[in-house]
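# Requesting a structural model of the entry that follows:
(one chain, ligands or ions: 1)
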Amino acid sequence: MIELRNVSVAFGPVRALSDVDLLVAEGELVALLGPSGSGKSTLLRVVAGLEPPVAGTVVIDGRDVTYEPPQRRGIGFVFQHYAPFPHMTVRENVAFGLRVRRARRELIRRRVDELLAMVGLEKFAERRPHQLSGGQRQRMALARALAIEPRVLLLDEPFAALDAHVRRELRAWLRRLHDELGATTLMVTHDRAEAMELADRIAVLNDGRLEQVGPPGELYDNPQTPFVRDFIGDTTKIGGVIVRPDELELSHTPIDEAAEAMITRIVDLGPEIRVELTLADGAPAEARFARRRFRELDVRSGDVVWVRVAGDALVDQRPAGRTRVSLASGSAAS
Ligand SMILES: Nc1ncnc2c1ncn2[C@@H]1O[C@H](COP(=O)(O)OP(=O)(O)OP(=O)(O)O)[C@@H](O)[C@H]1O
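Numbering: from 1, shown residues only. Below is the predicted model of the structure:
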């Protein structure tokens, strides 16, 4: 378990983190999500012991480690650009942490074999790092971090340097590995799809402060601040109401509470179709549909349609949320 209490970090006049409280439960995978410069890496480095906080406490598995050096915290750390030892083989790189801890040779051999099998690199044990692909190198980095059997795994954008396809594969693989090992994992990403797919909970950072922490679906449906709402998913405005584009429905014929709009463009995104609209007052809006649903709609660019918030859309009264208003009194009436 990782617990941060009131943690603040400053670099001279720059406040990188302000009063951060965060609890990552045993075996949980939490993603730190936020824009560039929001303090994600700094938070991870505080947990690792690489950055001293100016205030606050770091607790790992019930032990106050605020003043403990990194090597005594029982953590594994994987960076975005992993720098392996180029002159050592994959096997030697993975064994490194165990060797400096003076583990017995037989134990090292067995453990490294297990790890290489776990990350699917058995066949590459005798290669040197430059003979691996980017994805294989990051898997080696994970094996190396896992060698000391850490209770806590810290990942700083481990797949950011890889292409989208490999990244998606490694994502699914990492989630399985995490579940098998039961480690407590904190992972930095600025990719919201990665955070939504991988994490049990997402912690959204903005300007050194935690805006909201919760399961992906909760952040999407119930953002507590405008920042979280906009950062965690797209929004569109219709009749003064801010909604997710997938919460709109379209009709060829006038329907209750709907606004009249013209379809200006249809963009095929693969699994989803984006329908760009211009409302009667000239304001732009967009709706999104799953492929099959879109086909049923049978709409084309240039069509005049009626658009409204779907009946089953989540609507709440908070400022960051959405308020159901009658669209008939908005642009549709004119
Ligand atoms: N060593 C440092 N010295 C001075 N300022 C720093 C240092 N490290 C980070 N900062 C500042 O602290 C703030 C948070 O940086 P941090 O690297 O934690 O952000 P991040 O969310 O990880 O960003 P990115 O996604 O771009 O990596 C930024 O304003 C950054 O400029």
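
# Nearest the middle, which residue of the protein would you pick?
Central residue of the chain (C-alpha atoms, centre = their mean): residue 195, 1.9 Å from the mean position.

# send the alpha carbons of the helix or strand that one falls within over as PDB?
Element membership for residue 195, per DSSP states H and E: helix 192-198. Output of helix 192-198 as PDB, limited to C-alpha atoms (Å, rounded to 0.1, in the frame of the first residue of the first chain):
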ATOM      1  CA  ARG A 192      -6.100   9.000 -21.200                       C
ATOM      2  CA  ALA A 193      -7.000   5.900 -23.200                       C
ATOM      3  CA  GLU A 194      -4.100   4.100 -21.600                       C
ATOM      4  CA  ALA A 195      -5.200   5.200 -18.100                       C
ATOM      5  CA  MET A 196      -8.900   4.300 -18.800                       C
ATOM      6  CA  GLU A 197      -8.000   0.800 -20.000                       C
ATOM      7  CA  LEU A 198      -5.400  -0.100 -17.500                       C
END
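
# contacting residues around residue 187?
29-32, 154-156, 158, 198-199 (C-beta atoms under 8 Å, 6 or more residues apart in numbering). Heads up, the C-betas are built off the backbone N, CA and C, glycines and all.

# Next step: the residues you listed restricted to strands.
Counting by DSSP state E, the contacts of residue 187 place 29-32, 154-156 in strands.

# Give me the distance between residue 11 and residue 39.
11 Å (C-beta to C-beta, to the nearest Å).

# Among those two, which residue is more densely surrounded?
Taking other C-beta atoms under 10 Å, residue 11 and residue 39 do not tie; residue 39 has more neighbours (25 against 10).

# Pull the contacting residues for whatever residue of the stretch 51-200 of the chain ends up closest to the ligand.
Ranked by C-beta to the nearest ligand atom, the top residue of the stretch 51-200 of the chain for proximity to the ligand is residue 190, at 5.0 Å. By C-beta under 8 Å, 6+ apart, the residues touching residue 190 are 33-36, 40, 157, 160.

# Does anything pack onto the helix holding residue 195? Which helices or strands?
strand 29-33, helix 164-181, helix 216-221, helix 226-232 (3 or more C-beta pairs under 8 Å, 6 or more residues apart in numbering; DSSP states H and E).

# Pull out the buried residues from that helix.
Neighbour counts over helix 192-198 (16 or more other C-beta atoms under 10 Å) mark 192, 194-196, 198 as buried.

# Can I get the following helix or strand past that helix as CSV, trimmed to CA atoms?
Going down the chain from helix 192-198, the next helix or strand is strand 201-206, by DSSP H and E. Extracted in CSV, the C-alpha atoms of strand 201-206 (Å, rounded to 0.1, in the frame of the first residue of the first chain):
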residue,chain,number,x,y,z
ARG,A,201,-8.6,4.1,-10.4
ILE,A,202,-7.2,7.3,-12.1
ALA,A,203,-5.7,10.2,-10.2
VAL,A,204,-6.0,13.4,-12.2
LEU,A,205,-3.3,16.0,-11.6
ASN,A,206,-3.5,19.6,-12.6
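
# starting at the chain centroid, how far to whichever strand or helix holds residue 293?
Assigned by DSSP H and E, residue 293 belongs to helix 291-297. Helix 291-297 sits 29 Å away from the centroid of its parent chain (C-alpha atoms, centre = their mean, to the nearest Å).

# now swap in stretch 13-25 and tell me
Offset of stretch 13-25 from its chain centre (C-alpha atoms, centre = their mean): 17 Å.

# Flag every buried residue along that stretch.
Buried residues in stretch 13-25 (16+ other C-beta under 10 Å): 15-18, 20, 22, 24.

# returning to what we had before: top of the contacts of residue 190 by neighbour count?
Per-residue neighbour counts (other C-beta under 10 Å) across the contacts of residue 190 peak at residue 33, which has 28 neighbours.

# shaky segments in the stretch 51-200 of the chain?
The stretch 51-200 of the chain contains no residues with pLDDT under 70.

# Just the closest of the buried residues of stretch 13-25 to residue 164, please.
residue 24 (27.3 Å; C-beta to C-beta).

# Can you name the residues bridging to the closest residue to the closest one other than its chain neighbours?
Spatial nearest neighbour of residue 24, chain neighbours left out: residue 2 (4.2 Å); criterion: C-beta to C-beta, 6 or more residues apart in numbering. Applying DSSP bridges to residue 2 gives these bridge partners: residue 24, residue 60.

# what's near enough to touch residue 2?
So residue 2 contacts 22-24, 47, 58-60, 152, 184, 186 (C-beta under 8 Å, 6+ apart).

# if we go to 7 Å?
Going by C-beta atoms under 7 Å, 6 or more residues apart in numbering, residue 2 touches 24, 47, 60, 152, 184, 186.
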